[in-house]
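> Sequence plus predicted model, see below.
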Amino acid sequence: ITPDIFLQKLPETTHLSVADTDYLKELFVEQGLSVTALNNYLTCPWNFFYSNLIRIPKIPNKHMVFGTIIHRALNSFFGGKEVGTKETLLSSFKEALERTALSGAAYTEIEERGVEALTGWFDEYEGIWTKETLNEYRVNSVVELPLEELPQLRVRGDLDKLEIYPDGVTVVDYKTGAPKSRNHLLGNTKAKGSGNYFRQLVFYKMLLDAEGKHVMKRGLIDYIQPKKTNGKYVTEMFDITGVEVDSVMKEITQMTKEVLSMSFWDTRCDEYKKGKGDCEYCSLRDLMQ
């Protein structure tokens with residue numbers, strides 16, 4: 001089954017096999033690792049393979065576009081010399097929206113949704129923002145691995161916002177989807193993606209530790225849209241310690257072993273094997289010879 005989200009599948013003349021592993025290993029080492037790639041791999045190795053390793057282009061859906069616009073607006077809002085007004089925020093949002101290729105009903109839907117969400121969000125938190133921040137903070141560093149074949153791995157990430165405090169920084173990550181329960185964030189549910197957001201915060205501490213410029217004390221998930229049930233805005237704060245970082249480092253080490261050996265080549269994700277989910281990535285793998 002060829003998934004609709006991909007612009008194209010591999011050409012019929014292209015046959016990736018175990019014989020191509022040297023090239024795939026080189027890609028992995030050159031690209032380094034992001035938390036999105038790690039989360040994708042832990043969900044389904046073939047999600048990582050297609051989305052992050054060989055990077056087949058995807059058609060962005062309206063939810064992805066909405067998220068991009070909101071992030072741009074908030075970066076502009078907090079990235080000025082001082083935090084502005086509600087009008088400043090909404091103006092930044094509309095400027096970001098106008099730079100997209102959206103038109104017609106899709107444009108109107110995202111405009112209305114964004115204005116409503118950001119207006120409520122601004123009213124909820126006005127006046128309590130930390131003034132000293134770093135926005136869209138990019139980290140590109142290296143971590144040590146207990147692997148003879150690859151003793152060092154490049155790790156990278158773009159952090160939405162760093163709030164600077166005397167004892168360290170709080171990393172803020174904006175989320176534009178529906179708020180999730182704290183149990184879901186921590187990985188205590190069986191729902192798809194459970195634990196991914198918390199792993200993301202831990203990965204960011206690992207990045208900042210490796211870079212050595214900032215000490216991350218806390219991570220904050222900031223939902224830009226309110227709960228549908230009661231209209232309330234939600235944030236979730238987490239203390240991030242070395243124990244959590246060690247756990248994620250073990251996941252990174254195991255993933256690296258499996259990618260370098262291509263031991264995942266004949267595997268399929270659990271949902272696909274159980275027949276409970278239509279995994280487009282495993283379906284694509286089945287198309288390969």
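Perfect, I can see it now. Numbering: from 1, shown residues only.
> Name the surrounding residues that touch stretch 171-178.
63, 66-67, 70-71, 74, 117, 159-163, 197, 200-201, 204-205, 208, 216, 218-225, 227-228 (C-beta atoms under 8 Å, 6 or more residues apart in numbering). Every residue, glycine included, has its C-beta placed from N, CA and C.
> Just the buried ones out of those, please.
Buried by 16 or more other C-beta atoms under 10 Å: 66-67, 70-71, 74, 117, 159-163, 197, 200-201, 204-205, 208, 216, 218-225, out of the contacts of stretch 171-178.
> now, which of those residues lie within helices?
Within these, residues falling in helices by DSSP state H are F66, G67, I70, H71, L74, A117, Y197, Q200, L201, Y204, K205, L208.
> Next, give phi and psi for the nearest residue to T21 once chain neighbours are set aside.
Nearest residue to T21 in three dimensions, chain neighbours excluded: M262, at 4.8 Å (C-beta to C-beta, 6 or more residues apart in numbering). Backbone dihedrals for M262, given as degrees, to the nearest 10, come out at phi 50, psi 30.
> now do E144
In terms of degrees, to the nearest 10, the main-chain angles of E144 are phi -90, psi 140.
> List of residues touching the helix or strand of the chain with the lowest mean pLDDT?
Here the helix or strand of the chain ranked lowest by mean pLDDT, DSSP states H and E is helix 270-274, holding a mean of 81. Residues outside helix 270-274 that contact it (C-beta under 8 Å, 6+ apart): C44, G277, C279, C282, S283.
> From the residues you listed, which shows the smallest pLDDT?
Among the contacts of helix 270-274, G277 carries the lowest pLDDT, at 63.
> what's the helix or strand for the most centrally placed residue in the chain?
Nearest to the mean C-alpha position of the chain, counting by C-alpha atoms, centre = their mean, stands T36 at 4.5 Å. Using DSSP states H and E, T36 sits within helix 35-43.
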